[in-house]
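**Q** sequence and predicted structure below; questions after.
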Amino acid sequence: MKPKILVLTCTYCSYAGADMAGVSKIQYPPSAYIVRLICSGREEALFALEALREGFDGVLFTGCHIPYDCHFISGNFKARARVALLKKLLSQLGIEDSRVRLEWISASEGDKFAKVVFEFTRELEEMGSLPKFRKISELGVEEHD
Amino acid sequence: MPRVGVYVCHCGKNIAGVLDVKRIVREVAKEEDVVVCKDYPFMCSSEGQRLIAEDIRRHNLDRIVVAACSPRTHEPIFQEALKRAGLSPFFLEMANIRDQCSWVHEHEKELATDKAIRLVKAAVAKARLLEEIRVEKISVKQSVLVIGGGVAGITAALDVAKAGFKVYLVEKNSSIGGHMAQLDKTFPTLDCSICILGPLMVEVATHPNITLLTYSEVIEVEGYVGNFKVKILKKARKVDETKCTGCLLCMEKCPTRVPSEFDRGLGERKSIYVPFPQAVPRVPVIDTEHCLYFTKGVCRLCEKICPVKAINYEQEDEIIEIEVGAIIVATGYEEYDPRKVPEYGYGMFTEVITGLQLERLASSFGPTRGKILVPGKNKEPQRVAILACTGSRDEKNLPYCCRVGCMNALKHAWYIKHSIPGATIYVIAPDVRSFGKGYEEFYRRIRSEGVILIKGRASEVHRSPEGCLGVYVYDPSLDEVLVLKVDLVVLEMGLVPNPASEKIRDVLKLSKSTDGFFLEVHPKLRPVETSIEGVFICGCAQSPKDIPDTVAQASSAAMKAVELLAKGYVESVPYVVSVDEETCSGCGICVSVCEFNAIEIVEKNDRRVAKVNTALCKGCGSCAAACPSGAIEQAHFTREQVLAMIKALAR
Amino acid sequence: MIRLALVSLSGYCSGCEVALADVISEVLPRIEIVYSTLIADIDKLPSNIDLSLVSGAVRTKHDIEVLREARNKSKLLVALGSCASFGGIPGLANVYVVAELLREIYGTYPREVPKLTRAAAPVSEYVQVDYRLPGCPPPYKLLIELLVCVDEKKPLPKPPSRTVCDECSLKKRDVYEENVYRLGERDDVDFSRCFLEQGILCMGIATASGCEAQCPSRGVPCRGCRGPPAKIVDQGERLLSSIASVFSKIDEEELVRKIPDPLGYFYRFTLPSSTIPYTPEILKRMEKDEGSD
């Protein structure tokens, strides 16, 4: 099983970039799942945390190229700042911060979209999958003597 | 309970050739609330659309999922199908199983089908939670503001006015005309510049639909597409425009002399002046920094001589408020500061001038009445070096091409050749880019007239021992460094955005490209639109360009403004945000993250709460992602909907 | 008269009990303390408890047993304070596996430590909770209100959906500094103005109201002890996404330099009830243990 990746995209650049990969028939692993938002400014940390808890191995935040390509002026800056703090948080939680990745992909960069998914997949394969989260009450008591 | 209908498209073999469509239908049919689940060869065909409409009626469906291609291309088509069946178009959700599944996983059919099943289930999960969205129609004010009175602004203003709409043309200087009025001739036809521009300037002044506001600046813009409220500062001219007849006796009598900005510092003007004889409006302005009355309290000669008592020293700045439906920004360019390329000695040697200065020397209404004389020497140059591409295509200065420098260099060579027939003229250029209609022909003509072209860039300009200037240039064809002895050096400076455009950018909240010019929405398909709806750009405000391109783009911007006004209304963006006032605690995070001034904090029952202006909201959802209390939600992309999709995909 | 049990779990600091002691003169006629190991020295849980106020996070096997017993014997069970409600400060230990944690605290491996659960948890992880009254300590007005409601058999108050900002009296200009400062890094802080607007981290924006913004009004930025407002589950995530958005013009490295401890800032009181409530190391360790059985 290939590592499962959640890809958060904006409508104008990265989602269109993913479509471009399709139109150009550039192949990438079928374990990447795209969720479309209007702008990378809508991409919040919760989507990544939820995905990692629910069984995704990695989350790819994408948007229009920084600094000037965002159709909503600065959504990409917001995504960038959130990802920066999220990565730090994950490392504090003992989760590899590279499970979250940020990439700028324009509407014309179908090849880049596929390349990023390949690269990310390879990295996540090396990391191995995250264990399946359980409720704390199911974790039980640790024997220590 | 929602009633969901799911339609899986084969797209011929595009989808069905890779994915097991029947398996998708079987799996998805098991999902909660799915009432109908079908596949069809071409969902977007009229037959496919009819299938959806029929099922909506027969099975009372209220949510539709279409698993097919990209919503970017086909969402509007299926939304229409829902509308025709009497269902709100926003109860549609698409699963992109072609562009983002079958096309990109052609060799892994099993896994691709598994993925498609998850994608469709995720779409169902979202569809179950979709809510009604109301789109409002907002009327558009039937007038346009044009900022900048150069050839771009003039063209745009006239086009809009001729289409029957009201135009306000605002120009910061005392006359319209812009840089084109300073040019002696235009390439490649060698038309007299003011002869073709002048009539247009007069037409602007006399057109019944155009209100011309010169010596004025836009200081504030509020509102949104269709309904902009604009504040304009009309600076005091100290001359009553309604009385002045333009006899210019005042200008004749004024005893002061000030370097002329219009003549780029090469000539002089008075303290009460029109910048050039063809100025529109032909109403002078008093330069209070140099006027003897304003500086020393004496003189008042202009007041005495004026036959119609138009001089008014007490006149004050005025603020004019207007409402417009669209705004066209045509703020133009400025020459790159030649002092930033110090190796060419501008400012050190009077014999080094810029291209625009040469235009003024060549102009019949310039400081030398059209005789090309070396500044400071007052004699005709016999040897001239013209340096194309100064500051342009240069990592240290401007990385981009100015698109006019090469042709200006050739044109300037022609000026000198025809003014001083025996002169030796060198044009030094890294390449000569003669890309426009008739440009290559012009280049051949100049070459044939004995102008010497040297491929390369000059490295330095020196004072040579003989008293003239020495221009150092490496000639690759000879493989040696030449030292050209010349009497005059002309620098064809790169173009930068007009410094005044920065203020306009602030006022309008426009984006700029890396080169500093205003950013268009799409360089090819939407070249005059900006990220602010209803605000259009044209001419050199958008990027450096020559006059034909500027005029074409100005007409294009005018067309876009007219399109908006003629339609008469704009539809509000559907995916806007809304605030739950009960939850909102007035922290103002949303206000700070909104780039479109769409949110403000208002007092309501003694509490601070956020209020969204849906007409300004662009629906990016940044505030929804930032709202710390969960009070803001974005329609069609609520947190609950997105999380439902993520959970479905994770299963 | 309420038959009241004060159930203090192991991860408690007695701050909640002190808060109760604060209000005791006002509510004394209404309550009869039938169980408390701290302030009444009764060590056996009686039956027929009207209200159990549980404080502290669940961290030991014994905690779970006491908690279940209290639940069985009580009509109402209320999580008192941030620890019982969300896991609280002891919940930050969830970034360690038990062995590591003990080594960190005791150095050598201790003998006399009760058997620890693999992660600290809010009370609601193990039993049904009728009401949560978070705060570190819980605001005393709310405590009185709760006891009065129980005594008079009125419906319990609604958990707040608004945040500390709603009650905060600090002035706002709705303009944020472009930079983040550590407290103490700026000597020109205006203590009459919103901290966050001045670039000083304040957690009030995503923290449930009810405390009357006591900290900010006394010159201390909010630390978030009241947990998330009603519409939010993961308080830390909201703080992270929100604060990152406001200061998004700062480049990434600088932002992480200025906010070096997002876990400590944003999840100080709520990690065990957040989206990812503990380090996955705990799961790996557990799988290893189970594998060796």
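**A** Alright, I've got the coordinates.

**Q** residue ranges of the strands in the chain, please?
**A** Just going to use chain A. Here chain A has its strands, by DSSP state E, at A:5-9, A:32-36, A:58-63, A:100-104.

**Q** can you look at chain C instead?
**A** C:2-8, C:31-36, C:49-55, C:58-60, C:74-80, C:116-121, C:131-133.

**Q** and these: which comes nearest residue A:63?
**A** Shortest distance between residue A:63 and the strands of chain C, using C-beta to C-beta, is found for strand C:116-121: 34.7 Å. For every residue, glycine as well, the C-beta is placed using N, CA and C.

**Q** if we look at the closest one, which residues are touching it?
**A** For strand C:116-121, contacts defined as C-beta atoms under 8 Å, 6 or more residues apart in numbering or on different chains pick out A:136-137, A:139-142, A:144, C:11, C:57-61, C:63-64, C:87, C:90-91, C:93-94, C:97-98, C:101-102, C:272, C:277-278, C:282, C:285-286.

**Q** filter those to the buried ones?
**A** With neighbours counted by 16 or more other C-beta atoms under 10 Å in any protein chain shown, the contacts of strand C:116-121 contain buried members at A:136, A:139-140, A:142, C:11, C:57-60, C:63-64, C:87, C:90-91, C:93-94, C:97-98, C:101-102, C:272, C:277-278, C:282, C:285-286.

**Q** give me the subset of those residues that lies in helices.
**A** Residues of those located in helices (DSSP state H): C:63, C:64, C:98, C:101, C:102, C:282, C:285, C:286.

**Q** got a list of what residue 17 touches?
**A** You didn't say which chain, so I picked chain A. A:9, A:62, A:105, A:106, A:107, A:108, A:109, A:110, A:112, A:113 are the contacts of residue A:17 under C-beta under 8 Å, 6+ apart.

**Q** let me rephrase: I mean chain C.
**A** Going by C-beta under 8 Å, 6+ apart, residue C:17 touches C:6, C:8, C:36, C:38, C:39, C:55.

**Q** for these, which one is nearest chain B?
**A** Chain B has its nearest neighbour among the contacts of residue C:17 in residue C:55, at 26.6 Å by C-beta to the nearest C-beta.

**Q** I'd like to know how far the closest one sits from chain A.
**A** Residue C:55 is 18 Å from chain A, where distance means C-beta to the nearest C-beta, to the nearest Å.

**Q** grab the most central residue of chain A for me.
**A** residue A:60 (1.7 Å; C-alpha atoms, centre = their mean).

**Q** quick check: bridge partners of that residue?
**A** With DSSP bridges as the criterion, residue A:60 is bridged to residue A:7, residue A:101.

**Q** just checking, it touches residue A:121?
**A** No. Using C-beta atoms under 8 Å, residue A:60 is not in contact with residue A:121; the gap is 10.1 Å.

**Q** wait, is residue B:95 part of a strand?
**A** Yes. The assignment for residue B:95 (DSSP: H, G, I helix; E, B strand; the rest coil) places it in a strand.

**Q** dump stretch A:132-145 to PDB, restricted to CA.
**A** Extracted as PDB, the C-alpha positions of stretch A:132-145 are listed here (Å, rounded to 0.1, in the frame of the first residue of the first chain):
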ATOM      1  CA  LYS A 132      -3.800   4.200  13.900                       C
ATOM      2  CA  PHE A 133      -4.900   6.600  16.600                       C
ATOM      3  CA  ARG A 134      -7.200   5.200  19.400                       C
ATOM      4  CA  LYS A 135      -9.200   6.800  22.200                       C
ATOM      5  CA  ILE A 136      -7.000   7.400  25.200                       C
ATOM      6  CA  SER A 137      -9.300   5.200  27.300                       C
ATOM      7  CA  GLU A 138      -8.400   2.300  24.900                       C
ATOM      8  CA  LEU A 139      -4.700   2.700  25.500                       C
ATOM      9  CA  GLY A 140      -4.800   1.100  28.900                       C
ATOM     10  CA  VAL A 141      -2.100   1.200  31.600                       C
ATOM     11  CA  GLU A 142       1.500   0.800  31.000                       C
ATOM     12  CA  GLU A 143       3.100  -2.000  33.100                       C
ATOM     13  CA  HIS A 144       6.300  -0.700  34.600                       C
ATOM     14  CA  ASP A 145       8.300  -2.600  37.100                       C
END
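
**Q** which other residues reach that stretch?
**A** In contact with stretch A:132-145 (C-beta under 8 Å, 6+ apart) are residues A:53, A:55, C:60-61, C:97-99, C:102, C:109, C:113, C:115-121, C:125-126, C:272, C:276-278, C:280, C:282-283, C:285-286, C:289.

**Q** tell me how chain B divides into domains.
**A** B:4-127, B:136-235+B:317-331+B:503-571, B:236-316, B:333-496, B:577-635 (automatic domain parsing).

**Q** reformat the ones you listed as TSV; add distance to chain C.
**A** Output for the domains of chain B, formatted as TSV (distance: least, C-beta to the nearest C-beta, whole Å):
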stretch	distance to chain C
domain B:4-127	18
domain B:136-235+B:317-331+B:503-571	14
domain B:236-316	32
domain B:333-496	22
domain B:577-635	3
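
**Q** distance to residue A:73, mean pLDDT and mean neighbour count for the ones you listed - can I get that in CSV?
**A** Output for the domains of chain B, formatted as CSV (distance: least, C-beta to C-beta, whole Å; pLDDT from 0 to 100; neighbours: other C-beta atoms under 10 Å in any protein chain shown):
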stretch, distance to residue A:73, mean pLDDT, mean neighbour count
domain B:4-127, 21, 97, 20
domain B:136-235+B:317-331+B:503-571, 6, 95, 20
domain B:236-316, 35, 96, 17
domain B:333-496, 22, 96, 19
domain B:577-635, 4, 95, 22
